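Participant: When you get a sec, could you give me coordinates for this:
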Amino acid sequence: MRRAAIILYVSIFLLVPAGCDASLESDRHDVERLLLIQTMGLDSEDGRLEMSVSSGLGPEERPALVMSTEASGIEDAIARLQNYSPENQLFYAHVQYLLLGEDAARQELDNIIQWVDRSPTLRMDTDLLVVRGLARDAVVDASKQSTDITQRLMSLDRQARSLGWTMYTLREVAAALAEGDGALCLAVETVPTGGKVFTEEMQSDAVVPAGYAVLGPEGLAAFLSPEASLGAELLTGDPAGLLITVEGSTMEVLEGTAELSGEYAPDGTPAGLSVKCTLRTGVLETADGSPPDPEALDRALSETAARWVSEAMEQARTSRCDYLGMKKAVLTTAADRSRWGSEWPELFPALPVSVMVDGRVDRSYDLAE
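Facilitator: Numbering: from 1, shown residues only. A predicted model of the protein is given here:
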């Protein structure tokens, strides 16, 4: 039986090589007719949507195809862009980055998340970024002959991860919004490179980190200040590798931890929120090149980081977006979670917060030591 099965398989294989070759050749031509879109930007204004896309640089340094169109919705925009495409079929299954302009993030966030979730091509693990301004400007102005927005974002992605910043995916943002009252998303802005980049073919605008955007159930709620963004990263992410400046000294964060817990009155009423952080850093550079005072630098690090954390928590309360998980920290050990859960919207903005940071400079890199 085994020998008969082998003969049968070989016979089938010998009978269909020509058909397989034809099919493979057809598939190859089909693939060659696809133009992969790698970055998509969405803007919203007066009920109209604008979609901007870039294919990324092609083989043999072929310039990226960069296009933009206004439409009544996302699907309409996709159809319009296909009509305008000078060659091949636009293919969206390989979109790596989704950029939302301020108005789109503020007005259309939920619709965009639902559309991607239903889409048979776009993926929920696409990196999501909010642009300060228009996504169209980022897609178009960051693209020239020898570079494009995708190359810029890939460089930013590597830099952000190596420096301790977190680039969240659409799935992570959607999950945070579903589980709580807010989510963080890396914000970016475009800046001119004139006077800094002198290779003419690469003189497109740069795309640089601009702290974090706060996303709530209704959409974009606020942009965090640079200091509050650092505090949010200490509380929610893995800050190892983050570069910070304290008292003129540039430091690298080696390790950081944060613990949030509720404080309660004798009758079980939530009376506050306690935040305890530890921060270990290494000095990379001092302002005047002289060795730092270890005790003074430890104290300055603790005080500065405490201000960052306090500002992040204050902006969470001001925006009424609990992107730091404060509700979970307080209610997990509360005596009457159901009651305080229903009263949390009124309790949250006025809840006293105490912050304590234990900052230590573990390595000063002082050659005299």
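
Participant: low pLDDT regions in the stretch 251-369 of the chain?
Facilitator: Scanning the stretch 251-369 of the chain for pLDDT under 70 picks out the ranges 337-338, 363-369.

Participant: Could I get the full set of helices for it?
Facilitator: 294-319, 326-331, 337-347 (DSSP state H, counting those that start in this stretch).

Participant: could you dump these to JSON lines with mean neighbour count and distance to Gly268?
Facilitator: For every residue, glycine as well, the C-beta is placed using N, CA and C. Shown next, in JSON lines, are those (neighbours: other C-beta atoms under 10 Å; distance: least, C-beta to C-beta, whole Å):
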{"stretch": "helix 294-319", "mean neighbour count": "19", "distance to Gly268": "22"}
{"stretch": "helix 326-331", "mean neighbour count": "20", "distance to Gly268": "12"}
{"stretch": "helix 337-347", "mean neighbour count": "13", "distance to Gly268": "9"}
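
Participant: what's the closest of those helices to Ala206?
Facilitator: Of all the helices of the stretch 251-369 of the chain, helix 294-319 sits nearest to Ala206, with 25.4 Å by C-beta to C-beta.

Participant: Work out the gap between the closest one and the centre of the chain.
Facilitator: Centroid separation for helix 294-319 versus its chain: 23 Å, with C-alpha atoms, centre = their mean, to the nearest Å.

Participant: what's it packed up against?
Facilitator: Helix 294-319 makes packing contacts with strand 206-216, strand 219-223, helix 226-236, strand 243-246, strand 249-264, strand 270-285, strand 353-363 when contacts are defined by 3 or more C-beta pairs under 8 Å, 6 or more residues apart in numbering; DSSP states H and E.

Participant: Now with 6 Å, please.
Facilitator: On a contact count with 3 or more C-beta pairs under 6 Å, 6 or more residues apart in numbering; DSSP states H and E, helix 294-319 meets helix 226-236, strand 243-246, strand 353-363.

Participant: in the first one, what's buried?
Facilitator: Of the residues in helix 226-236, 227-236 count as buried by neighbour count, 16 or more other C-beta atoms under 10 Å.

Participant: could you list every residue that touches Gly211?
Facilitator: Contact analysis of Gly211 by C-beta atoms under 6 Å, 6 or more residues apart in numbering lists 187, 224, 226, 229.

Participant: distance of it from Glu50?
Facilitator: 25 Å (C-beta to C-beta, to the nearest Å).

Participant: mind listing the helices for the stretch 51-200 of the chain?
Facilitator: Using DSSP H, counting those that start in this stretch, the helices of the stretch 51-200 of the chain run over residues 74-84, 102-107, 109-118, 135-141, 149-162, 170-179.

Participant: average pLDDT for the shortest one?
Facilitator: Meaning helix 102-107. Confidence over helix 102-107 (mean pLDDT, whole number) is 96.

Participant: tell me which strands and helices that helix is in contact with?
Facilitator: strand 39-45, strand 219-223.

Participant: so what does the shortest one touch, helix or strand wise?
Facilitator: Contacting strand 219-223 under the criterion 3+ C-beta pairs under 6 Å, 6+ apart are the following elements: helix 102-107, strand 206-216.

Participant: What strands line up against that strand, and which way round?
Facilitator: Using DSSP bridges, strand 219-223 pairs in its sheet with strand 206-216 (antiparallel).

Participant: quick one: the partner strand to chain centroid distance?
Facilitator: 8 Å.

Participant: what angle sits between that strand and helix 294-319?
Facilitator: If you take axes from the mean of the first three to the mean of the last three C-alpha atoms, to 10 degrees, strand 206-216 sits at 60 degrees to helix 294-319.

Participant: Tell me the pLDDT of the residue most central in space within the chain.
Facilitator: Nearest to the geometric centre of the chain sits Met167, at 2.9 Å (C-alpha atoms, centre = their mean). In the prediction, the pLDDT value recorded for Met167 is 93.

Participant: quick revisit: JSON lines please, covering the helices and strands packed on helix 102-107 and showing distance to Gln151, mean pLDDT and mean neighbour count.
Facilitator: Below are the helices and strands packed on helix 102-107 laid out as JSON lines (distance: least, C-beta to C-beta, whole Å; pLDDT from 0 to 100; neighbours: other C-beta atoms under 10 Å):
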{"stretch": "strand 39-45", "distance to Gln151": "10", "mean pLDDT": "95", "mean neighbour count": "24"}
{"stretch": "strand 219-223", "distance to Gln151": "25", "mean pLDDT": "95", "mean neighbour count": "21"}
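
Participant: Of all those, which one comes closest to Glu70?
Facilitator: If we rank the helices and strands packed on helix 102-107 by C-beta to C-beta, the stretch that ends up nearest is strand 39-45, at 8.6 Å.

Participant: Can you list the strands that that closest one pairs with?
Facilitator: strand 48-54 (antiparallel), strand 97-100 (parallel).

Participant: winner for burial among those strands?
Facilitator: Across the strands paired with strand 39-45, averaging neighbours per residue (mean count of other C-beta atoms under 10 Å) puts strand 97-100 on top, at a mean of 25.

Participant: Check what contacts that one and list those residues.
Facilitator: Residues from elsewhere that reach strand 97-100 (C-beta under 6 Å, 6+ apart): 39-42, 126-131, 135, 138, 153.

Participant: In contact with Asp125, which residues?
Facilitator: Residues in contact with Asp125 (C-beta under 6 Å, 6+ apart) are 169, 171.

Participant: what do you get if the cut-off is 8 Å, keeping everything else the same?
Facilitator: 169-171 (C-beta atoms under 8 Å, 6 or more residues apart in numbering).
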